[in-house]
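Visitor: Mind looking at a prediction? Sequence and model below.
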Amino acid sequence: MLDDSRSAGSAPDAAGRLRGHRLDMDGVRVRYGQTLAVRDVTLSVEPGEMLALLGPSGCGKTTLLRTVAGFIRAEAGRVLVDGAAIDHLPPGRRGVGIVFQSYALFPHMSAAENVAYGLEARRLPKAEIARKVDAALAAVRMEGFADRRPRALSGGQQQRVALARALAIEPAILLLDEPFAALDRSLRLDLQLEIKRIQRRFGVTAVLVTHDQDEAMSMADRMAVMNAGRVEQVGAPAEVYDRPATAFVAGFVGTTNRLPGRIEARDGAGYRVRLDAGATFAVESARGFDIGARVVLCARPEQLALRDGADAPDAFPARLRQSLPLGPALIHDIEAGAAELKLHAARHGAPPAPGPVRVALRPDATPALFPEGETT
Amino acid sequence: MHRYTGSDRLLVLLIVALAGIGFLILVGPVLVVLVTSFTSSRALRFPPPGLTLQWYRDLFDPVRSSQIHVAAGNSLLVAALTAIVATSLATAAALAIARTRAGWARFAEGGFMAPLVLPGIAFGLAALMFFSWLRLPPSLALLVAGHAMIAAPFALRTVGAAAAGLDPALEESSAALGAGPWRTFRRVTLPLIMPGVAAGAFLAFVSSLDNVPVSLFLASAQTDMLPIRLWGMMETALDVRVAAASGVLVAVAFILLLVMDRAVGLARRMSG
Ligand SMILES: Nc1ncnc2c1ncn2[C@@H]1O[C@H](COP(=O)(O)OP(=O)(O)OP(=O)(O)O)[C@@H](O)[C@H]1O
Ligand SMILES: [Mg+2]
């Protein structure tokens, strides 16, 4: 019964839209011998949503994905699809489609045979298989390559076939493990857009593993930032970028400047922070700090600005080493004591000359504050 | 450009000379036997005083060579069964070994390879004692069992190389697409390691066909084997049909080798 609802893929709702299935990871813990690769991860993926698992190499992304797929058994915790635990099911009965980084197309089968494989395993009638194979290949615009062996396809084409093969079985959940890692940068964007389009069209719930934050930002509805087997923050890309929950997230997602300092006083909804570099900034923060506590202020390159002239207390002295153009912007490479800072500025007129400068917080900027020890 | 110095030339000469000697030692005797099989003399003699096809005619004569034919039939049957048994065992072992990183896998692999270094005579004797301890009378089945032990390492080597090159993600893909273990093996694993399996079966077949030491202990009057029979013919008389039989075996092996090499690139697999 459950099986039926799952293998049926995404059924249209009353309004004719496709609705996906819900995926929950509930306290999942995975251990390899002594190493705890995934530490009690609880995550939900909403129906039809694409969630990116983002994190540095070795943080447990693949392990978590493989646990959902059923290749690894969790030591503790549960995986649920539409509220029903699937931990006891083998990979083929979980209603999960996977695209591997290496695509893992069967080299001795044509593109069409690859796509047909999962349908044949389900013992569908021949005519239905043929129809679904055509539809799946057409969805990834590979209908002209049905008889080609994988070896005779380019990397991007192989990846489309791998996607068609995963989607042909109408999975409830689509799992993508670094699907773009083996592709050129130029090809990557095209395929990212295409996969996103197809995922939306099929209304399939998707989990995308990546260590490329731009990829996560552009493709995912929400992203989960992982570090050392834990999920440190889950949220919409903009939210994670603007309000990093931990110092690790601040450093891993986007570029951040770390400015050590001390809490000087409470100040409205935040604190006055005395930076070691020599300025006092007013910073909003929901976290509780004691007066005098050591903190690290994490400011995005676009949250800082050069301030010329008088030595105001809200700017600290630094030295501009160089300014480099980056598209329409300018990157200032700045040295402030032991710290190295990067600043984004709009490019107009000649870039400032290298030498002593003063750095201030932009008036509308909301940098993040973290206790000093938390920085990883 | 690299220029040859005097000592380089000397080295090249030395290598060519050694290769030539090696070639002579390997191929020379085979040529001698082939030429001898056409001798017009009554007994084995090299160089032959004249040439004739007489001995081949004799060899294929159903009445005069009936015992040889029975032995050849036994040998071919045992070789074919050995190829099947040894290759099946080796395939199962190779897949299990390729899938596990545990230490026991390396150990098991070593165990499988042991018959390669164990002297054939010692293994034949051991097999004979073991089977008679089990009170099993000599039979073709026991010969197949004995030959399979000797042949399995060859098959394990070629199948193992093929299995090691198998991307584990392929089998995982198959499982994730809903295929059970049997379908995965039949549709994905086996086709992909087939060249290694075929090469292994060929090697097992040939190693069984010309095995003497194990057959010596396990064969009986009812289960006469071709190499043993040929050896017996050599002992009583220098029967030229032995050379003719060798000629046939060389020709068969050579043709099989060509076919296998065309089909699966055997030479590449054995060196890999
Ligand atoms: N089969 C295994 N046996 C033992 N340890 C493993 C195994 N697979 C992964 N690990 C360890 O588990 C941790 C998480 O690995 P995982 O492959 O999930 O990381 P990842 O986030 O996918 O990294 P990457 O971005 O490099 O792919 C790592 O420390 C890794 O060394
Ligand atoms: Mg990984």
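Guide: Perfect, thanks for sending it. Ligands and ions are numbered 1, 2, ... in the order given.
Visitor: Please work out how many residues are found near whichever residue of the stretch 201-350 of chain A sits closest to ligand 1.
Guide: Closest residue of the stretch 201-350 of chain A to ligand 1, CB to the nearest ligand atom: A:H211 (4.8 Å). Quick note: C-beta positions are derived from backbone N, CA and C, even for glycine. Burial measure for A:H211: 18 neighbouring residues, criterion other CB atoms under 10 Å in any protein chain shown.
Visitor: surely it meets A:S57?
Guide: Yes. Counting by CB atoms under 8 Å, a contact exists between A:H211 and A:S57, whose distance comes to 6.2 Å.
Visitor: quick revisit: now the residue of the stretch 201-350 of chain A closest to ligand 1: how far from B:L59?
Guide: Taken as CB to CB, to the nearest Å, the spacing of A:H211 relative to B:L59 amounts to 71 Å.
Visitor: What residues does the stretch 1-150 of chain A have near ligand 1?
Guide: For the stretch 1-150 of chain A, the residues in contact with ligand 1 (CB under 6 Å from any ligand atom) are A:Y32, A:T35, A:A37, A:G55, A:S57, A:G58, A:C59, A:G60, A:K61, A:T62, A:T63.
Visitor: neighbours around the second one, how many?
Guide: Going back to what we said before, that points to A:T35. A:T35: 11 neighbours (other CB under 10 Å).
Visitor: What backbone torsions are found at it?
Guide: In this entry, A:T35 is assigned phi and psi values of phi -80, psi 130 (degrees, to the nearest 10).
Visitor: quick one, helices of chain B?
Guide: In order along the chain, chain B carries the following helices (DSSP state H): B:6-36, B:54-60, B:66-99, B:103-117, B:120-133, B:140-164, B:168-176, B:181-184, B:190-209, B:213-218, B:226-236, B:241-264, B:266-271.
Visitor: Tell me how confident the model is about the last one, as a mean pLDDT.
Guide: Throughout helix B:266-271, pLDDT has a mean value of 59.
Visitor: Stretch A:323-333 too?
Guide: Confidence for stretch A:323-333, expressed as mean pLDDT, is 87.
Visitor: can you check stretch A:108-118 too?
Guide: In this model, stretch A:108-118 has a mean pLDDT of 96.
Visitor: Which positions in stretch A:285-305 come out as buried?
Guide: Using 16 or more other CB atoms under 10 Å in any protein chain shown as the test for burial, stretch A:285-305 gives A:285, A:289, A:295-305.
Visitor: out of those residues, who's nearest A:G77?
Guide: The shortest distance between A:G77 and any of the buried residues of stretch A:285-305, using CB to CB, involves A:C298 and amounts to 31.4 Å.
Visitor: Show me the domain layout of chain A.
Guide: With automatic domain parsing as the criterion, the domains of chain A are listed as A:23-245, A:255-374.
Visitor: Quickly compare those and say which is most buried.
Guide: For those, ranked by mean neighbour count under the definition mean count of other CB atoms under 10 Å in any protein chain shown, the leader is domain A:23-245 at a mean of 19.
Visitor: For B:F107, give me its contacts.
Guide: With CB atoms under 8 Å, 6 or more residues apart in numbering or on different chains as the criterion, no residue contacts B:F107.
Visitor: what do you get if the cut-off is 10 Å, keeping everything else the same?
Guide: The neighbourhood of B:F107, defined by CB atoms under 10 Å, 6 or more residues apart in numbering or on different chains, consists of B:I97.
Visitor: Excluding its own residues, what touches stretch B:45-56? List them.
Guide: When contacts are defined by CB under 10 Å, 6+ apart, stretch B:45-56 is touched by residues B:32-33, B:35-42, B:44, B:238-245, B:247-248.
Visitor: Report the buried members of those residues.
Guide: If you count burial by 16+ other CB under 10 Å, the buried members of those come out as B:33, B:36-39, B:44, B:239-245, B:247.
Visitor: Would you format those residues as a markdown table with distance to ligand 1 and pLDDT included?
Guide: Shown next, in a markdown table, are these (distance: CB to the nearest ligand atom, whole Å; pLDDT from 0 to 100):
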| residue | distance to ligand 1 | pLDDT |
| --- | --- | --- |
| B:V33 | 54 | 86 |
| B:T36 | 60 | 87 |
| B:S37 | 59 | 87 |
| B:F38 | 62 | 89 |
| B:T39 | 65 | 86 |
| B:L44 | 62 | 82 |
| B:D239 | 62 | 82 |
| B:V240 | 63 | 85 |
| B:R241 | 60 | 87 |
| B:V242 | 57 | 88 |
| B:A243 | 58 | 88 |
| B:A244 | 59 | 89 |
| B:A245 | 54 | 90 |
| B:G247 | 55 | 89 |
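Visitor: Show the contacting residues for A:A350.
Guide: Under the criterion of CB under 10 Å, 6+ apart, the neighbours of A:A350 are A:S323.
Visitor: Could you verify that it is part of a strand?
Guide: No. Membership of A:A350 in a strand is not supported by DSSP: H, G, I helix; E, B strand; the rest coil, which gives coil.
Visitor: How much space separates it from chain B?
Guide: Using CB to the nearest CB, to the nearest Å, we find A:A350 at a distance of 54 Å from chain B.
Visitor: What does that residue show for phi and psi?
Guide: Main-chain torsions, A:A350, degrees, to the nearest 10: phi -80, psi 140.
Visitor: ok, now the one 5 residues further on?
Guide: According to degrees, to the nearest 10, the main-chain angles of A:G355 amount to phi 140, psi -170.
Visitor: mind checking the SS state of the residue lying closest to it once chain neighbours are set aside?
Guide: The shortest distance from A:G355 to any non-neighbouring residue, by CB to CB, 6 or more residues apart in numbering or on different chains, is to A:L320 (6.1 Å). When the structure is split into helix, strand and coil by three-state DSSP, A:L320 lands in strand.
Visitor: and A:L320, what pLDDT?
Guide: At A:L320, the pLDDT value in this model is 91.
Visitor: just B:L190 next, same as before
Guide: If you check B:L190, the pLDDT there is 94.
Visitor: Who are the contact partners of it?
Guide: B:T91, B:L95, B:T184, B:V197.
Visitor: out of these, who has the most neighbours?
Guide: Note: the member of the contacts of B:L190 with the most neighbours is B:T91, at 24 neighbours, neighbours being other CB under 10 Å.
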